[in-house]
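[1] when you get a sec, could you give me coordinates for this:
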Amino acid sequence: MTRLTNKKYSLLSQLGCSERHRSHLNRMIRGKMDILDFELN
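    Residues are numbered from 1 along each chain as shown. Below you'll find the predicted structure:
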């Protein structure tokens, strides 16, 4: 899971998103990860 998240983070920085946009995407990614964790458990 951490590797996947890191991959997404590095993709976002390669795209050079603005800080506000990146934090919004991170919140969405984190929410999706929480949902995935909930479904897996």
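[2] which pLDDT value goes with the residue nearest the centre of the chain?
    What sits nearest the mean C-alpha location of the chain, by Cα atoms, centre = their mean, is Ile29, with 3.5 Å. pLDDT for Ile29: 82.
[3] flag every buried residue along the helix or strand hosting it.
    Using DSSP states H and E, the secondary-structure element containing Ile29 is helix 19-40. By neighbour count, and taking 16 or more other Cβ atoms under 10 Å as the criterion, the buried residues in helix 19-40 are Leu25. All C-beta atoms are positioned from the backbone trio N, CA, C, and that covers glycine.
[4] helices and strands around that helix, which ones?
    For helix 19-40, the elements it packs on are helix 2-15, judged by 3 or more Cβ pairs under 8 Å, 6 or more residues apart in numbering; DSSP states H and E.
[5] counting contacts, what elements does the helix it packs on pack onto?
    Here helix 2-15 is seen to pack against helix 19-40 when contacts are counted using 3+ Cβ pairs under 8 Å, 6+ apart.
[6] just want the angle from the helix it packs on to helix 2-15.
    Using axes from the mean of the first three to the mean of the last three Cα atoms, to 10 degrees, the direction of helix 19-40 lies 160 degrees away from that of helix 2-15.
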